[in-house]
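**Student:** Fold the following, please.
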Amino acid sequence: MRKAQIGATTALALHSLCAADLATGYWLSHSLYSSSLITHPAPTLRILTVCEAPVVIVMFSWLRRDHDRCSFIKALARGLIGLPIGALINAFGAIVLGAPVGLKYWPATIYWSMLMSLFTFVPAACVFGASKLDWQQILSYSKPSNIVDYMLSVPAHGAIIGAWLGAWPMPLDWERPWQEWPICVTYGAIAGHLIGMLLSPVLIFLHRRHIRTKTE
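**Tutor:** Below you'll find the model as predicted:
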């Protein structure tokens with residue numbers, strides 16, 4: 001079984017591409033459409049999702065776990081199918097934890113859930129497909145076993161933790177526009193995801209160094 005072999009530098013470059021794509025999406029929404037997460041959350045989230053989805057799906061399809069049994073096209077299909085599935089899971093989790101369910105919130109909730117799916121569910125869908133064992137390991141907080149696992153696990157957990165922390169100001173009686181759903185949650189998720197993408201190459205480097213030391 002042949003797997004994608006990458007190092008910390010490649011992981012950093014790929015994550016940098018994803019971060020740059022997020023920045024491009026935000027620039028497009030602000031410069032071309034005069035919108036931001038605070039003034040127009042739903043359209044901004046839609047642009048971020050449209051910009052980020054192709055890069056994430058293509059990048060992690062290239063990193064698919066089994067190159068011999070899974071073609072690049074099949075991995076792309078898994079990512080496209082995983083996008084709405086992950087969005088449903090994230091939307092359900094958000095509503096259970098207290099996200100508003102009124103009709104005026106649904107567009108923002110849908111696009112936020114799709115962006116969260118790109119942060120958490122889609123990369124693993126492209127890499128693992130329906131492998132139950134791999135999913136169990138990547139979704140748990142156990143130590144990742146290889147480089148791609150770090151690329152999947154650390155940014156995904158960062159996005160989830162960031163979204164959770166970002167939700168804390170929402171119920172506070174500050175009457176600030178950014179407290180509306182899902183603005184501060186989105187900022188938290190993006191910040192956590194970016195921190196995870198910066199941290200994962202460091203952990204990859206330490207992981208490879210540990211393996212090299214054990215081998216010697």
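
**Student:** For stretch 93-110, the averaged confidence score.
**Tutor:** Stretch 93-110 shows a mean pLDDT of 91.

**Student:** If you count neighbours, what's buried in that stretch?
**Tutor:** Ala94, Ala99, Tyr105, Ala108, Thr109, Ile110 (16 or more other C-beta atoms under 10 Å). Yep, even glycine has a C-beta here, placed from its N, CA and C like the rest.

**Student:** Go through those residues and flag which are in helices.
**Tutor:** The helices in this structure, assigned by DSSP state H, contain Ala94, Ala108, Thr109, Ile110 from these.

**Student:** Give the next helix or strand downstream of the helix or strand bottoming out on mean pLDDT in the chain.
**Tutor:** Least confident helix or strand of the chain, by mean pLDDT, DSSP states H and E, is helix 132-139 with a mean of 70. Tracing the chain past helix 132-139, the next element assigned as helix or strand by DSSP states H and E is helix 147-166.

**Student:** Tell me the buried residues in that next one?
**Tutor:** In helix 147-166, counting by 16+ other C-beta under 10 Å, buried: 147-163, 166.

**Student:** Tabulate the CA atom coordinates of that helix in CSV.
**Tutor:** Extracted as CSV, the C-alpha positions of helix 147-166 are listed here (Å, rounded to 0.1, in the frame of the first residue of the first chain):
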residue,chain,number,x,y,z
ILE,A,147,2.5,13.0,9.3
VAL,A,148,-0.9,13.3,7.5
ASP,A,149,-2.7,12.5,10.8
TYR,A,150,-1.1,15.6,12.3
MET,A,151,-2.2,17.7,9.3
LEU,A,152,-5.8,16.5,9.8
SER,A,153,-6.1,16.3,13.5
VAL,A,154,-4.4,19.4,14.9
PRO,A,155,-6.1,22.1,12.7
ALA,A,156,-9.5,20.3,13.0
HIS,A,157,-9.3,20.2,16.8
GLY,A,158,-8.1,23.8,16.7
ALA,A,159,-11.2,24.9,14.7
ILE,A,160,-13.5,23.1,17.1
ILE,A,161,-11.9,24.5,20.2
GLY,A,162,-11.7,27.9,18.7
ALA,A,163,-15.4,27.9,17.8
TRP,A,164,-16.3,26.8,21.3
LEU,A,165,-14.2,29.5,22.9
GLY,A,166,-15.6,32.0,20.4
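
**Student:** And the next helix or strand past it?
**Tutor:** Remark: after helix 147-166, the chain's next helix or strand is helix 183-215, criterion DSSP H and E.

**Student:** so where is the chain shaky, pLDDT-wise?
**Tutor:** For the chain, residues meeting the criterion pLDDT under 70 lie at 1-6, 137-145, 210-216.

**Student:** okay, which residue is most central for it?
**Tutor:** Nearest to the geometric centre of the chain sits Phe119, at 0.8 Å (C-alpha atoms, centre = their mean).

**Student:** List the residues that contact that one.
**Tutor:** Contacts for Phe119 (C-beta atoms under 8 Å, 6 or more residues apart in numbering) come out as Pro155, Ala156, Ala159, Ala189, His193.

**Student:** what helix or strand is it on?
**Tutor:** With DSSP H and E as criterion, Phe119 is part of helix 106-120.

**Student:** Put the alpha carbons of that helix into PDB.
**Tutor:** Extracted in PDB, the C-alpha atoms of helix 106-120 (Å, rounded to 0.1, in the frame of the first residue of the first chain):
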ATOM      1  CA  TRP A 106     -30.400  29.700   8.500                       C
ATOM      2  CA  PRO A 107     -28.300  31.100   5.600                       C
ATOM      3  CA  ALA A 108     -25.500  32.000   8.000                       C
ATOM      4  CA  THR A 109     -25.800  28.700   9.800                       C
ATOM      5  CA  ILE A 110     -25.600  26.800   6.500                       C
ATOM      6  CA  TYR A 111     -22.500  28.600   5.200                       C
ATOM      7  CA  TRP A 112     -20.800  28.500   8.700                       C
ATOM      8  CA  SER A 113     -21.400  24.700   8.800                       C
ATOM      9  CA  MET A 114     -20.000  24.200   5.400                       C
ATOM     10  CA  LEU A 115     -16.800  26.200   6.300                       C
ATOM     11  CA  MET A 116     -16.500  24.200   9.500                       C
ATOM     12  CA  SER A 117     -16.900  21.000   7.400                       C
ATOM     13  CA  LEU A 118     -13.900  22.200   5.300                       C
ATOM     14  CA  PHE A 119     -11.900  22.700   8.500                       C
ATOM     15  CA  THR A 120     -12.900  19.400  10.200                       C
END
